[in-house]
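Participant: Provided below for reference: sequence and predicted model.
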Amino acid sequence: MSRTLQHTDLKIRGMDCADCALHVEKALASLAGVESAQVFLAAERANIVYDERQVDLDAFRAAVEKAGYQVEGHGAERENRLPAILTLALLAVVAAIVFVELVAERMGWMDRAIQFIPALFILAAILIGGLPVWRNVFTDLRNRVVGAHALMTLGVIGALAIGQFESAALIVFFMRVGDILEELTTRQSRAAIRELVRLAPKTARVLRAGQEHEVDIAEIRAGEIVVVRPGERIPVDGRIMAGRASVDQSAITGESLPAEKSVGDSVFAATINQRGMLQVETQRVGADTTFGRVVRLVEEAEGARAPVQRIADKFSAYFIPVVLAIGALTFVFSGNISATVAVLVVSCACGIALATPIAVVASVGSAARRGILIKGGLYLEALAQVDTLLVDKTGTLTLGKPQVTDVIALNGKTKQEVLQVAAAVERYSEHPLASAILSAAQEQRLQVAEPEQFTAIAGQGLVARVQGTDYALGNLRMLEERGLGNGEMAGQVAELEAAGKTTLLLADARQPLGMIAVADIVRPEAPRAMQELRALGIGQIILLTGDNQRVAQALAQQLGIEFQAELLPEDKIAQVKRLQKLGRRVAMIGDGINDAPALAQADVGIAMGRAGADIAIEAADVALMRDDWSQVPHAIKIARRAFRTIKQNLALSLVYNVVGWTLAAFGILNPVLAAAAQSLPDLFILGNSSRLLRAKD
């Protein structure tokens, strides 16, 4: 009998560090019937795939609670922080008094200063103030886990064993301060998610029986009409049924200028109706909207772990044994219990564990606000290391919509007359070039006549009778067969086609009347983007296209890039593999539809597609939510900045531990100073990673 796998999300409270998330993940994964469990620290969420015949939600909640955390909906929402605040305040008072007396005694201002505070009072403060720590250590040991708090606890026990009650009190105080700073650091990593979630409307006005009703978002159903007034956020993905508006889509696409929307246009949840009243037919709601999927991608960004994070995870796994070994060696060679305690207390595993996920979530969240979706640390690191860029042509490098670029009038005709007659001939043609000519005529507000007759000639063009006159519109061969071609005209056609343009010639029965050149033009921002990419050190930019050599060469020369023409989809994959074998880090940019195989083969697949296109969001490693080449160098800059920040975080955490162990082992750093210094890596990581949220480019 086949298994019936189900999926669920749990909201989990109480996780303050990467170790917390790891403990919860192990607790869930150990349950029989759990296929996979991923815990996301920044999102405070667990994603579980399980066999419903073997395990249920109650078992998940029990496993989470046994690990020392809470599932939302089971007492986690109303967590009372007052006892923790009071115990920390009590401990702070005692620690302050002890600290002052230690300084006074060290400077000889008073003898036996410690006698002014009863030892039992200090011991009570240690036990009460450190209660959350002792509880965590007990839970970890019950689950056969030795964490960083266990090392600190050994340090406190060691200080008490040698009668240093005042040192133990200060160690516990700094331990609690460190926990608070660590929690603050984790909360900061959630800022990117909180900023996005705040953009989502909670209620909407729905038309029911001709009346407006304000309802919760969860109550809206597909097909219902939502009313959106000026200044309000659009609550659903849908299609405009009535009204016109100027819509700020920056929450989805990152573009600064509003888009004009009217009947039939698509709109997206969390975008702002700046002016105009709209009635929107609901297509998707809540987590299913484009915005909902963007939030989910940011929440799960830490799930696709970068290689550098996996290295840090392995280091963390060996951290506790290494610290215990260094502490044991310190005691064996020095016999100094105080130095051994300092070694245990100064150790900081959390800095290494937090170095990557905080930077990843901050960077992915910052990119999402620009309309750039990066699916986690794995792809962030790969994007940072890209040195070769492969580019699709149609719809990616070009607009994907042929446009009239040149109109040349001959034998007494005007450009408007040539375009007007050509549009009449092409009026009922379904060829893409016909669409370009008709659009150009419409833009110039030309009256386009009805053709009286219309015939297509394979491989040549069209003939039609317009207002009693017979016209031919096609390639040079068509005119030459009618005896209307000449050398001068052939030269002009060759010149236009050398520039990558398709040329149509218009003639009546007696003479040529004009020429119209049509081309799929380059996106206007692409040339500048290519310059920025080269400035970023992208050594090779190669155009891959199924078009002919002439068109590809003209486009590549225009942009100053290399090209490969007349390629089939499998040829594009071969090009990616060839470059990868040469050791290149390859990014492939396509429209997310026609280039899926090459996008998948590349080290990083970047899909450039219209906002909300499912294929653009789902199929690529990086998705650009608007067709704007300036986003490509922005994405690489964000990735490189993130990777640089991660390396800085890891380097400082490693250096801190090595220096701390050395100073503590040689007795230079006493247990109190070691406890005070233990929070320094968290502070650095908090400040360093927070810069990624505020980065401007």
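Facilitator: Cool, the structure landed.
Participant: From now on I want contacts and neighbour counts done on CA atoms only, so please keep to that.
Facilitator: OK.
Participant: following the one helix or strand Ala440 maps to, which helix or strand shows up next?
Facilitator: Element membership of Ala440, judged by DSSP states H and E, is helix 432-443. Counting by DSSP H and E, the next helix or strand C-terminal to helix 432-443 is strand 451-457.
Participant: what sits up against that following strand?
Facilitator: Strand 451-457 has contacts (CA atoms under 8 Å, 6 or more residues apart in numbering) with 424-425, 427, 462-468.
Participant: what's the following helix or strand after that strand?
Facilitator: Next along from strand 451-457, by DSSP H and E: strand 461-466.
Participant: before we move on, back to that, most neighbours, which of the contacts of strand 451-457?
Facilitator: When neighbours are taken as other CA atoms under 10 Å, the top entry among the contacts of strand 451-457 is Val425 (31 neighbours).
Participant: Just send the contacts of strand 451-457 back as JSON lines, with pLDDT and distance to Glu72 too.
Facilitator: Formatted as JSON lines, the contacts of strand 451-457 follow (pLDDT from 0 to 100; distance: CA to CA, whole Å):
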{"residue": "Ala424", "pLDDT": "93", "distance to Glu72": "67"}
{"residue": "Val425", "pLDDT": "92", "distance to Glu72": "68"}
{"residue": "Arg427", "pLDDT": "88", "distance to Glu72": "63"}
{"residue": "Leu462", "pLDDT": "90", "distance to Glu72": "69"}
{"residue": "Val463", "pLDDT": "92", "distance to Glu72": "72"}
{"residue": "Ala464", "pLDDT": "92", "distance to Glu72": "72"}
{"residue": "Arg465", "pLDDT": "92", "distance to Glu72": "74"}
{"residue": "Val466", "pLDDT": "91", "distance to Glu72": "73"}
{"residue": "Gln467", "pLDDT": "90", "distance to Glu72": "75"}
{"residue": "Gly468", "pLDDT": "90", "distance to Glu72": "78"}
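Participant: Nearest to Ala498, out of those residues: which one, please.
Facilitator: Relative to Ala498, the closest of the contacts of strand 451-457 is Leu462; by CA to CA it sits at 23.6 Å.
Participant: The closest one contacts Ala423, correct?
Facilitator: No: in this structure Leu462 lies outside contact range of Ala423 using CA atoms under 8 Å: 11.5 Å.
Participant: what residue of this protein is the furthest out?
Facilitator: Arg510 (62.1 Å; CA atoms, centre = their mean).
Participant: wait, is it part of a strand?
Facilitator: No: read with DSSP: H, G, I helix; E, B strand; the rest coil, Arg510 is coil and lies in no strand.
Participant: What residues does it make contact with?
Facilitator: Applying CA under 8 Å, 6+ apart to Arg510 gives the contacts Leu484.
Participant: The helix holding Ala440: how far from the chain's middle?
Facilitator: Centre-to-centre, helix 432-443 and its host chain are 38 Å apart (CA atoms, centre = their mean, to the nearest Å).
Participant: Contact partners for Ile272?
Facilitator: 231-234, 247-249.
Participant: Most neighbours among those residues, which one is it?
Facilitator: Among these, the one with the most neighbours (other CA under 10 Å) is Ile234, at 26 neighbours.
Participant: ok, that one touching Val228?
Facilitator: Yes: under the criterion of CA under 8 Å, Ile234 makes contact with Val228 at 6.3 Å.
Participant: overlap in contacts of the two?
Facilitator: Asn273.
Participant: From the contact counts, what lies against the one helix or strand Gln38 maps to?
Facilitator: For Gln38, the host element (DSSP H and E) is strand 34-40. Strand 34-40 makes packing contacts with helix 18-29, strand 45-51 when contacts are defined by 3 or more CA pairs under 8 Å, 6 or more residues apart in numbering; DSSP states H and E.
Participant: can you give me the strands in the stretch 401-550 of the chain?
Facilitator: Applying DSSP state E, counting those that start in this stretch to the stretch 401-550 of the chain gives strands spanning 403-409, 451-457, 461-466, 469-474, 502-507, 512-519, 540-544.
Participant: Straight-line length of stretch 444-451, end to end?
Facilitator: From its first residue to its last, stretch 444-451 covers 20 Å (CA to CA, to the nearest Å).
Participant: For that stretch, buried residues please.
Facilitator: Residues of stretch 444-451 classed as buried: 446, 448, 450-451 (neighbour count, 16 or more other CA atoms under 10 Å).
Participant: Among these, which one sits closest to Thr645?
Facilitator: Closest approach to Thr645 among the buried residues of stretch 444-451 (CA to CA): Leu446, at 57.8 Å.
Participant: Just give the nearest non-adjacent residue to that closest one, would you?
Facilitator: Gln420 (6.3 Å; CA to CA, 6 or more residues apart in numbering).
Participant: That neighbour: what's it in contact with?
Facilitator: Gln420 sits next to 441, 446-448 when contact means CA under 8 Å, 6+ apart.
Participant: tell me, which helix in this protein spans the most residues?
Facilitator: Ranked by number of residues, the top helix in the chain under DSSP state H is helix 631-665.
Participant: okay if I get the contacts of Ile272 as JSON lines plus secondary structure?
Facilitator: Listed next are these as JSON lines, based on three-state DSSP:
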{"residue": "Gly231", "secondary structure": "coil"}
{"residue": "Glu232", "secondary structure": "coil"}
{"residue": "Arg233", "secondary structure": "strand"}
{"residue": "Ile234", "secondary structure": "coil"}
{"residue": "Val247", "secondary structure": "strand"}
{"residue": "Asp248", "secondary structure": "strand"}
{"residue": "Gln249", "secondary structure": "coil"}
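Participant: Lowest pLDDT pick from these?
Facilitator: By pLDDT, Gln249 ranks lowest within these, coming in at 83.
Participant: any idea how far Leu373 is from that residue?
Facilitator: For Gln249 relative to Leu373 (CA to CA), the value is 15 Å.
Participant: Give me the below-cutoff pLDDT ranges for the stretch 51-200 of the chain.
Facilitator: Counting by pLDDT under 70, the stretch 51-200 of the chain has low-confidence residues at 73-119, 143, 145-148, 178, 181-193.
Participant: Could you tell me which residues make contact with Arg337?
Facilitator: Actually, residue 337 is Ile rather than Arg. When contacts are counted by CA under 8 Å, 6+ apart, Ile337 touches 158, 162, 331.
Participant: among the residues you listed, which are in helices?
Facilitator: Judged by DSSP H, the subset of those located in helices is 158, 331.
Participant: Among the contacts of Ile337, which one sits closest to Gln70?
Facilitator: Minimum distance to Gln70 across the contacts of Ile337 is 32.0 Å, recorded for Gly158 (CA to CA).
Participant: Kindly tell me how buried Leu692 is, as a neighbour count.
Facilitator: 24.
Participant: which helices and strands does whichever strand or helix holds it pack with?
Facilitator: Using DSSP H and E, Leu692 sits in helix 680-694. The elements that helix 680-694 packs onto, with contact taken as 3+ CA pairs under 8 Å, 6+ apart, are helix 165-189, helix 350-369, helix 631-665.
Participant: got the CA positions of that helix in PDB?
Facilitator: Only the C-alpha atoms of helix 680-694 are listed here, as PDB (Å, rounded to 0.1, in the frame of the first residue of the first chain):
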ATOM      1  CA  LEU A 680      30.900  40.500  21.200                       C
ATOM      2  CA  PRO A 681      30.500  38.300  18.100                       C
ATOM      3  CA  ASP A 682      26.700  38.600  18.300                       C
ATOM      4  CA  LEU A 683      27.000  42.300  18.400                       C
ATOM      5  CA  PHE A 684      29.300  42.400  15.400                       C
ATOM      6  CA  ILE A 685      27.100  40.000  13.400                       C
ATOM      7  CA  LEU A 686      24.000  42.000  14.300                       C
ATOM      8  CA  GLY A 687      25.600  45.300  13.100                       C
ATOM      9  CA  ASN A 688      27.300  43.800  10.100                       C
ATOM     10  CA  SER A 689      24.300  41.900   8.700                       C
ATOM     11  CA  SER A 690      21.900  44.800   9.400                       C
ATOM     12  CA  ARG A 691      23.800  46.800   6.700                       C
ATOM     13  CA  LEU A 692      22.400  44.400   4.100                       C
ATOM     14  CA  LEU A 693      18.900  45.600   4.900                       C
ATOM     15  CA  ARG A 694      19.800  49.200   4.300                       C
END
